[in-house]
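1. sequence unknown, structure follows:
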């Protein structure tokens, strides 16, 4: 289920005190968040990087604000971010070592180079999937709203109830 939040309500005054990662109400801190959304169809231009960059900057929508995180939830987010950074640095280091090895050891070097690239991509994919389990994922940003998929269904339900508390039903 996706949660639609008005852009101007991504703050500590408009959102309930429930952790978006764990769904636990109570002691939370509001952390700064920034979201970007680019339509998925722009990926067809991945083979033409200049066209992709043009569409990326033309179609990109952004939103920023604050969201509530418990201490446990925020530490999980920081750990997941750190793991992605370490996987990226490890992949780049492996690629550089593989490139140097392919020059010095022409029979084994290219294999080592390919293995380091594949291993790095797998490490980045695994650690990035961990972020999706602990950090809100944006599914759409328009002029007034941000549509988020929260890691916790309980948090989605509580925030949705809070945001629609004063709404009237159509007759």
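-> On my side now, so go ahead. These figures come from a predicted structure and were not determined experimentally. Numbering: from 1, shown residues only.
2. the nearest residue to residue 99 once chain neighbours are set aside: neighbour count?
-> Counting by CB to CB, 6 or more residues apart in numbering, residue 99 lies nearest to residue 113, which is 6.0 Å off, once chain neighbours are set aside. C-beta coordinates here come from the backbone N, C-alpha and C atoms, glycine included. Residues contacting residue 113 under the criterion other CB atoms under 10 Å number 20.
3. tally of neighbours for residue 20?
-> Counted with other CB under 10 Å, residue 20 comes out at 28.
4. can you tell me the SS state at it?
-> Following DSSP: H, G, I helix; E, B strand; the rest coil, residue 20 is assigned to coil.
5. could I get the phi/psi values of it?
-> Here is the backbone geometry of residue 20 (degrees, to the nearest 10): phi -70, psi -20.
6. confidence score at it?
-> Looking at residue 20, its pLDDT is 91.
7. the helix or strand residue 81 falls within packs against which elements?
-> Using DSSP states H and E, residue 81 sits in helix 71-104. Contacts defined by 3 or more CB pairs under 8 Å, 6 or more residues apart in numbering; DSSP states H and E place helix 71-104 against strand 29-37, helix 109-134.
8. and residue 150, its phi and psi?
-> Dihedral angles of residue 150 (phi, psi; degrees, to the nearest 10) stand at phi -90, psi 150.
9. spit out the contact partners of the closest residue to residue 81 other than its chain neighbours.
-> Spatial nearest neighbour of residue 81, chain neighbours left out: residue 131 (6.8 Å); criterion: CB to CB, 6+ apart. By CB atoms under 8 Å, 6 or more residues apart in numbering, the contact list for residue 131 reads 77, 80-81, 84.
10. let's go with 7 Å and repeat that
-> Residue 131 makes contact with 80-81, 84 under the criterion CB atoms under 7 Å, 6 or more residues apart in numbering.
11. ok, now which ones touch the one residue sitting closest to the centre of the chain?
-> Central residue of the chain (CA atoms, centre = their mean): residue 137, 5.4 Å from the mean position. Neighbouring residues of residue 137 by CB under 7 Å, 6+ apart: 148-149.
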